[in-house]
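Asks: Predicted structure and sequence below. I'll ask about it afterward.
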Amino acid sequence: QVQLVESGGGLVQAGNSLRLSCAASGRTFSTYNMGWFRQAPGKERAFVAAITWSSSITYYAESVKGRFTVSRDNAKNTVYLQMNSLKPEDTAVYYCAADKSARYPPSTTSRAYDYWGQGTQVTVSS
């Protein structure tokens, strides 16, 4: 069992940056692929980014490509989402998730992920 806790959300103006962190409990974090998803009000949860356990592959949604960067530090049991050039349409609750099967390539669908954090709110004002 893995517990995930996101942090770093907040209210920012468009064009600014935020870095989200997701801290994981347990010894198996380094063997899991990790993903970031987001859910805006009235919308379904959507894929944002994913990273393999070894950081060898990263995937991004088209809407964030070139602006967001996913990374991880297995020594700290933490995955990050650096979000630059934020837009009002990035406003959502952001969730990190862990895929214990470590699919290759990493999955972009929420059903592939076994463990989820509670989410952190990101609000971007225009």
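Replies: Thanks, I have it.
Asks: okay, CA-based contacts and neighbour counts for the rest of this
Replies: Will do.
Asks: was I right about residue 21 contacting residue 77?
Replies: No - taking contacts as Cα atoms under 8 Å, residue 21 lies outside contact range of residue 77: 10.3 Å.
Asks: Show me which of those two is the more surrounded one.
Replies: The neighbour comparison of residue 21 against residue 77 (other Cα atoms under 10 Å) goes to residue 21, with 22 against 17.
Asks: name the element that one belongs to?
Replies: Using DSSP states H and E, residue 21 sits within strand 18-24.
Asks: That strand: partners in the sheet, and parallel or antiparallel?
Replies: Paired neighbours of strand 18-24 in the sheet (DSSP bridges): strand 4-7 (antiparallel), strand 78-83 (antiparallel).
Asks: Restricting to C-alpha, output that strand in CSV.
Replies: Only the C-alpha atoms of strand 18-24 are listed here, as CSV (Å, rounded to 0.1, in the frame of the first residue of the first chain):
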residue,chain,number,x,y,z
LEU,A,18,3.9,26.7,-9.5
ARG,A,19,5.6,23.5,-8.5
LEU,A,20,3.5,20.6,-7.2
SER,A,21,5.0,17.9,-5.1
CYS,A,22,3.7,14.4,-4.3
ALA,A,23,5.2,12.7,-1.4
ALA,A,24,4.8,8.9,-1.2
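Asks: Show the subsequent helix or strand relative to it.
Replies: Criterion used, DSSP H and E; the element after strand 18-24 is strand 33-39.
Asks: This completes my enquiry, with thanks.
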